[in-house]
Every structure is written in structure tokens, then in C-alpha cells.
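**Q** Could you look at this predicted model? Sequence included:
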Amino acid sequence: MDNLIVSTSPHLHTKTTTHKIMRDVLIALLPATAASITLFGLKALIIIAACVGTCVLSEFLFNLAAKKKQTVGDLSACVTGLILALSLSAKASVWQCVVGSVFAIVVVKCMFGGLGCNFANPAATARVFLITAFASIAGGTPTEFQNVLTAGATPLAAIKDGAQAKELPALLDMLIGNRGGAIGETCTIALILGGIYLIARKVINWQTPVILLGTVFLLSFAIEGDATLALYELLGGGVILVAFFMATDYVTTPINKYGRMIFAFGCGLITVLIRQFGSYPEGVSFALLFMNILSPYIEKWCSKRPFGKSAVKKAGKEGA
């Protein structure tokens, strides 16, 4: 009995830490980061530096002011800042990046108790806040390799205006990123490589991105009636960035398998509805935020019922 150890849950532990997970996410984002700097130049580098630096500094100062243990070492603030930066247009100014980063860390994350307690993805919420507050940074900008005379609206905006597939950039340009958009969402190949890395490292599960992307493609095809346009809908916005790096967030998504599947389907469904019937050509960040709010309810609906619970409940009612 002297060797009996009494402790609170959890009783099972793993060698995986928050630091290791966030490090893998940062590694997975390196291809998209390199592509954004290549495609958009110094402006992209400034945006990334402003967002990451402000996020880290905001978390450090908040913990210092609140006399809490410093958590900047877990790299979660770096991940938030980098994802936020990659989801912004090159039109964003430094002060807008600072405002969005402070909002993401202080308002969405720290004020709700820090990592593990936030109700929504900080980067996605900050992006929604920025494009709602500053309409000028909505949409995207042409890359440095596009001809100024031919560079027009982003693919999603063009589709929203009724453009056909032949009027849009070539599919190869959509894959390598030589088209308009946010700085980190244009190079689809870089994002997919990062997503494959996370799946291979077992940081994320494959069901969430596959279901989300499949839902967007199939519903877009059903509405548009054109598989090529549906493919442009899949490649044209930030849905791939969200599918691999935001909709797989441990904190703001359901933890059980069926809950994650419903969550992913809901993100895809709402994204398509906003794109097709809303005023915005892109809606994936709004969809993710809405599903983040529903996540606790989805978790409750999909949780497994303990064995014998129904019988005990029934017996209790009969005894009463």
C-alpha cells in the first residue's frame, strides 16, 4: 500500500508535447512561407514578421502583466502569427497586422484562459475581424510574376462575377501560385506538401481535410454543373490552408472521430453556401468560426454513451 499513488486524471501520458506539435506545424508551413515570399516579395516577409513578432510579444506581455507562467516557449503564438500572416492579403499594412495579431492572442486566446481554453481558432477569428473591420484588405493581390495588364480579380471573385473556366488562370498557375490571393493561400502545392507532412507525422488526421475539401468540390460541382469550375473553387481560395492547418486545431474542434467528420462537412457546406449565395466570394474563415462555436455541441451529440447508462436511467425513473 505504501507504493499506491493517488493522482487526478489524466492517468495516461504521451511523449508528445505542445512544443513538438507546434514545431511540426511550423515545419509544415515552411513551403507555403517560402512560396509566399517568392511570389509576393518583401511585402510578404514584412507581413509575416509583423504578425509572428506581435503574436509572440503580445502573449509574453499578457502573461507578464497577469503574472502567469510564460507560455511563449510552446511555439503556439508563432503558429498563430504565421497562419494569420499567410491568410492575409499583401495589401495589409503593418499596423493592421499588429491589430489583428493582438486581437488573436489577447482577445481570442489569453482572455479565455490561454491555449486549450479558447473557443475559436485565433488566426481565423482575427482574419474575420480584419476583413470585416478593414474592407480594403479583403480579397488578394497579384503576384510579382503576373502581368500587370492581365492581373485582375482573384479567381473566386471572377467566378462570383460569372467568369468561365477559360477566363481564369491556368490550372498550373493555380497550383504553383501564380495568381491573385492571400500571400499564403496561392501556392496550393506548398500547402498540400505541408498537409501531407502533418498527416505522416500523425499530428493531424486525414479525415478532416479530405471531407472538408471533398464537400467543397462536390457541392460546388452540384451547383455550378461544371467540374472544372468546381476545381477552381477548391484551389482558388483559402480552403486548403484552412483544411490542413485550422480545421484540424486540437482545441477548437471535436475530439472524437464522428464529431470531426461532422465538423469538416459543416465547414465545407457553409463555405460553399457563403460563396454561392453570400456577398463575399470567399467564406471559409466565416464557416470555420461558425463551426468552432458549434464544436462543443457536436462533441456532446457524438460522444459515446457509457455502457449501461440507459438501463440505469430507466431504472431510476421506474423507481421514482
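**A** Perfect, I can see it now.

**Q** could you list every residue that touches the nearest residue to Gly114 once chain neighbours are set aside?
**A** Nearest-residue entry for Gly114: Thr71, 6.3 Å, with adjacent residues in sequence omitted and distances by CB to CB, 6 or more residues apart in numbering. C-beta coordinates here come from the backbone N, C-alpha and C atoms, glycine included. Residues in contact with Thr71, defined by CB atoms under 8 Å, 6 or more residues apart in numbering, are Glu59, Asn63, Ala77, Gly114, Leu115.

**Q** Would you mind writing the CA trace of stretch 87-106 as CSV?
**A** Provided in CSV are the C-alpha atoms of stretch 87-106 (Å, rounded to 0.1, in the frame of the first residue of the first chain):
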residue,chain,number,x,y,z
SER,A,87,-4.2,34.2,-44.7
LEU,A,88,-3.8,38.0,-45.3
SER,A,89,-3.6,39.9,-48.5
ALA,A,90,-0.4,41.7,-49.5
LYS,A,91,-2.5,44.9,-49.2
ALA,A,92,-2.4,44.6,-45.4
SER,A,93,-0.3,47.3,-43.7
VAL,A,94,2.0,46.7,-40.7
TRP,A,95,-0.4,48.4,-38.3
GLN,A,96,-3.3,46.3,-39.4
CYS,A,97,-1.2,43.2,-38.9
VAL,A,98,-0.4,44.3,-35.4
VAL,A,99,-4.0,45.0,-34.6
GLY,A,100,-5.1,41.6,-35.9
SER,A,101,-2.3,39.8,-34.1
VAL,A,102,-3.1,41.5,-30.7
PHE,A,103,-6.8,40.6,-31.2
ALA,A,104,-5.9,36.9,-32.0
ILE,A,105,-3.6,36.5,-28.9
VAL,A,106,-5.0,38.7,-26.3
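
**Q** So which bits of it are buried?
**A** Within stretch 87-106, the residues that count as buried by 16 or more other CB atoms under 10 Å are 87-92, 96-106.

**Q** In helices, which of those residues fall?
**A** Secondary structure of the buried residues of stretch 87-106 is defined by DSSP state H; positions in helices are Gln96, Cys97, Val98, Val99, Gly100, Ser101, Val102.

**Q** Tell me which two of these sit farthest apart.
**A** Gln96 and Val102 (11.0 Å; CB to CB).

**Q** lowest confidence element among the helices and strands of this structure?
**A** When each helix and strand of the chain is scored by mean pLDDT, DSSP states H and E, helix 309-319 comes last, with a mean of 51.

**Q** Could you tell me the end-to-end distance of stretch 83-91?
**A** Between the start and the finish of stretch 83-91 there is a gap of 16 Å, counting by CA to CA, to the nearest Å.

**Q** mean confidence score for it?
**A** Model confidence over stretch 83-91 averages 93 on the pLDDT scale.

**Q** Please enumerate residues in contact with it?
**A** With contact meaning CB under 8 Å, 6+ apart, stretch 83-91 is reached by 29, 32-33, 36, 40, 43-44, 47-48, 50-52, 55, 97, 100-101, 104, 122-124, 126-127, 130, 136-141, 181-185, 238, 241, 245-246, 285.

**Q** quick one, what contacts the residue at minimal distance from the centre of the chain?
**A** Residue closest to the mean C-alpha point of the chain, counted by CA atoms, centre = their mean, is Met246 at 2.4 Å. Met246 sits next to Ile83, Asn121, Ala123, Ala124, Leu288 when contact means CB under 8 Å, 6+ apart.

**Q** can you redo those residues as JSON lines with neighbour count?
**A** As requested, the contacts of Met246 are arranged in JSON lines below (neighbours: other CB atoms under 10 Å):
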{"residue": "Ile83", "neighbour count": "30"}
{"residue": "Asn121", "neighbour count": "30"}
{"residue": "Ala123", "neighbour count": "33"}
{"residue": "Ala124", "neighbour count": "30"}
{"residue": "Leu288", "neighbour count": "31"}
